[in-house]
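Trainee: Next come a sequence and a model predicted from it.
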Amino acid sequence: MVQSTVYHRITMHIKKKNLLSGFVIVMAVAAMVTGCGSVKNGKSETAGLWITMPDRSALLQKEAVTVTGQPKNENIQLTINTGKTFQEMDGFGYTLSGGSVLHISKMSAPARAKLLQHIYGTGPDDLGVSYIRISIGASDLDELLFSYNDLPAGQTDVNMEKFDLGYDKKYLIPVLQDILKINPSIKILGSPWSPPVWMKTNGDTRGGSLKPEYYTAYAKYFVKYVQEMKKNGITIDAITVQNEPLHPGNNPSLLMLAEDQKVFVRDHLGPEFKKNGITTKIIIYDHNADRPDYPITILNDKEAAKYIDGSAFHLYGGKIEAVSSVHEAHPDKNLYFTEQWVGAPGNFANELNWHIENLIIGAPNNWCKTVLEWNLAADEKQEPHTDRGGCVGCLGAVTITGDTVTPEPAYYIIAHASKFVRPGSVRVQSNVIEGLPNVAYKTPSGNTVAIIQNTSKEVKTIDVNAGKKNTTITLKAGAVATLVM
């Protein structure tokens with residue numbers, strides 16, 4: 001990805017507003033989304049068009065629209081058929097990494113509360129993020145490496161008698177508890193980067209594979225994790241079996257081939273969940289779209305498939321359209337998009353264009369129920385991260401420096417969906433138009449929402465016809481728009 005300088009212009013402009021000392025930037029960002037209308041029970045109730053331009057001349061800027069009962073056919077035709085439905089959406093959001101909660105926890109209490117409300121709340125000035133991914137144990141964006149069952153060399157604990165959420169009690173769990181006070185219904189996905197090292201072939205956090213003799217012990221580790229998080233008031237809606245199982249070069253990481261994951265789920269994790277009454281969803285793969293054969297291979301095994309809710313994807317390799325091949329092979333199983341990073345310092349135009357087209361529009365159009373960007377927050381140095389393979393350039397959706405919060409590309413990318421496409425929204429049919437990629441939804445409140453991108457170099461005027469709801473909008477070249485009718 002092409003990169004450029006961070007957003008000094010945005011930062012300076014917002015600081016001049018002098019809104020709230022210690023929380024200047026994010027409060028100005030909140031003002032950018034003000035005017036989304038009243039939100040009751042997370043359901044937007046007003047019509048409008050929200051625009052972001054690649055040159056930042058508009059950032060979630062609201063424009064009025066006139067909705068009529070009469071369709072037009074004078075311009076480019078975008079036809080939305082709300083009677084033709086596809087998957088129900090679980091939500092849009094960010095990974096809440098260990099580094100993210102570290103920085104959030106070090107903010108002053110008032111600034112921290114305002115940030116969490118703004119990101120996870122459903123009020124008129126909030127983003128409405130409705131889905132969270134967290135790491136089970138450390139990820140590569142933690143300040144240290146840990147699991148929940150770290151033991152001295154040579155020791156084992158197959159019955160998880162020494163299991164302890166440990167380090168996560170310091171930052172992650174308190175932040176999650178605060179978020180749940182804001183949005184008790186938010187869904188949380190847990191993903192492990194590595195098992196405890198005593199279970200691994202190489203005895204290291206980085207790389208190696210899970211020893212077959214510890215498959216049952218590792219399944220019990222997942223059971224204990226769900227149970228202990230529940231004791232802390234946190235319901236884990238779903239887990240993925242392994243983050244990026246074909247990438248053992250991260251730190252932490254684990255190589256887990258499809259055949260190994262199939263056996264682990266079929267003969268160990270699934271039965272342990274069932275035996276213990278664990279209803280947390282099991283999601284497989286959690287890696288790039290260039291290997292749809294990985295989840296298909298596992299789902300082809302009927303005994304394994306009966307424990308599996310679906311498959312998760314990233315897009316560091318392959319094309320988003322490949323995800324649909326998994327749906328075609330196993331239409332009874334769900335699909336999730338769980339990770340994509342923005343590399344620091346982040347070129348706003350390039351990141352906005354690519355992520356909107358491929359993820360916000362492309363992933364749902366290929367059956368994904370979630371779209372998650374990698375990492376809510378980092379500092380100005382993109383820290384913390386682990387050694388020997390931790391991500392040194394992962395830009396957060398916001399950059400936190402003390403109590404100062406600066407919005408980055410992923411902030412706007414997710415906001416164009418999370419604010420308007422609430423959980424329970426159902427994707428509906430919309431026609432394919434050259435130069436105007438789009439995706440449409442019917443929301444629980446009865447609104448029709450369309451996310452439209454003008455990838456051409458020309459101004460486009462579009463008649464949007466959705467049955468009894470019709471309007472005409474004009475999009476400049478490069479514009480990203482969310483239309484609510």
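Mentor: Right, received. Where do you want to start? Quantities reported herein were computed from a predicted structural model and do not represent experimental measurements.
Trainee: As a check, name the ranges of all helices in the stretch 201-350 of the chain.
Mentor: Using DSSP state H, counting those that start in this stretch, the helices of the stretch 201-350 of the chain run over 215-231, 258-264, 270-275, 293-299, 302-305, 323-329, 348-355.
Trainee: nearest to residue 339, of those helices?
Mentor: With Cβ to Cβ as the criterion, residue 339 lies closest to helix 348-355 of the helices of the stretch 201-350 of the chain, at 12.0 Å. C-beta: built from backbone N, CA, C; applies to glycine.
Trainee: Next, find the distance separating residue 100 from residue 122.
Mentor: Note on residue 100: its distance to residue 122, by Cβ to Cβ, to the nearest Å, is 20 Å.
Trainee: so what's the closest residue to residue 324 other than its chain neighbours up against?
Mentor: Nearest residue to residue 324 in three dimensions, chain neighbours excluded: residue 366, at 4.5 Å (Cβ to Cβ, 6 or more residues apart in numbering). Applying Cβ atoms under 8 Å, 6 or more residues apart in numbering to residue 366 gives the contacts 320-321, 323-324, 327, 335.
Trainee: change it to 7 Å
Mentor: Counting by Cβ atoms under 7 Å, 6 or more residues apart in numbering, residue 366 touches 320-321, 323-324.
Trainee: Kindly report the same for residue 396.
Mentor: Shown in contact with residue 396 (Cβ under 7 Å, 6+ apart): 100, 375-378, 408.
Trainee: Low-confidence bits of the stretch 201-350 of the chain, can you list those?
Mentor: Of all residues in the stretch 201-350 of the chain, none has pLDDT under 70.
Trainee: what's the spacing between the most centrally placed residue in the chain and residue 316?
Mentor: The C-alpha lying nearest the average C-alpha coordinate of the chain belongs to residue 372 (Cα atoms, centre = their mean; 1.5 Å). Counting by Cβ to Cβ, the gap between residue 372 and residue 316 amounts to 14 Å.
Trainee: same question, residue 470
Mentor: For residue 470, the distance to residue 316 equals 40 Å [Cβ to Cβ].
Trainee: cool, residue 276 as well?
Mentor: For residue 276, the distance to residue 316 equals 34 Å [Cβ to Cβ].
Trainee: swap in residue 220?
Mentor: Between residue 220 and residue 316 the computed distance is 32 Å (Cβ to Cβ).
Trainee: more crowded one of these two?
Mentor: Taking other Cβ atoms under 10 Å, residue 220 and residue 316 do not tie; residue 220 has more neighbours (22 against 14).
Trainee: Name the nearest residue to that one, ignoring sequence neighbours.
Mentor: According to Cβ to Cβ, 6+ apart, the nearest residue to residue 220 is residue 160 (5.0 Å).
Trainee: what secondary structure does the one you found sit in?
Mentor: Look at residue 160: counting by DSSP: H, G, I helix; E, B strand; the rest coil, its state is coil.
Trainee: OK, contacts around it?
Mentor: Residues counted as contacts of residue 160 (Cβ under 7 Å, 6+ apart) are 149, 220-221, 224.
Trainee: now do residue 313
Mentor: Counting by Cβ under 7 Å, 6+ apart, residue 313 touches 285, 288-289, 323, 337-338.
Trainee: Over to residue 158?
Mentor: Shown in contact with residue 158 (Cβ under 7 Å, 6+ apart): residue 217.
Trainee: Go again with 10 Å.
Mentor: 149, 198-199, 213-214, 216-218, 220-221 (Cβ atoms under 10 Å, 6 or more residues apart in numbering).
Trainee: By neighbour count, which of those residues wins?
Mentor: residue 149 (27 neighbours).
Trainee: Find the nearest non-adjacent residue to that one, please.
Mentor: The spatially closest residue to residue 149, leaving aside those adjacent along the chain, is residue 196, at 4.5 Å (Cβ to Cβ, 6+ apart).
Trainee: Secondary structure element for residue 176, which one?
Mentor: Here residue 176 sits within helix 172-182, counting by DSSP states H and E.
Trainee: ok, then the element right after that helix?
Mentor: Per DSSP H and E, the first helix or strand lying C-terminal to helix 172-182 is strand 187-192.
Trainee: Show me how far that following strand is from its chain's centre.
Mentor: Relative to its chain's centre, strand 187-192 lies at 10 Å (Cα atoms, centre = their mean, to the nearest Å).
Trainee: Partner strands of it and their direction?
Mentor: Its sheet considered, strand 187-192 pairs with strand 131-136 (parallel), strand 238-240 (parallel) by DSSP bridges.
Trainee: averaged over its residues, what pLDDT does the longest one have?
Mentor: Read that as strand 131-136. For strand 131-136, the mean pLDDT works out to 98.
Trainee: List the contacts of residue 101.
Mentor: Going by Cβ under 10 Å, 6+ apart, residue 101 touches 134, 142, 168, 170-176, 178-179, 376-377.
Trainee: Residue 483 now?
Mentor: Shown in contact with residue 483 (Cβ under 10 Å, 6+ apart): 47-51, 63, 65, 67, 78, 80, 420, 438, 440, 447-452, 462, 464, 466, 471, 473, 475.
Trainee: Next, it: phi, psi?
Mentor: Residue 483 adopts backbone torsions of phi -110, psi 130, taken as degrees, to the nearest 10.
Trainee: any idea how far residue 353 is from it?
Mentor: According to Cβ to Cβ, residue 483 and residue 353 sit 18 Å apart.
Trainee: Kindly report the same for residue 59.
Mentor: Residue 59 is 15 Å from residue 353, where distance means Cβ to Cβ.
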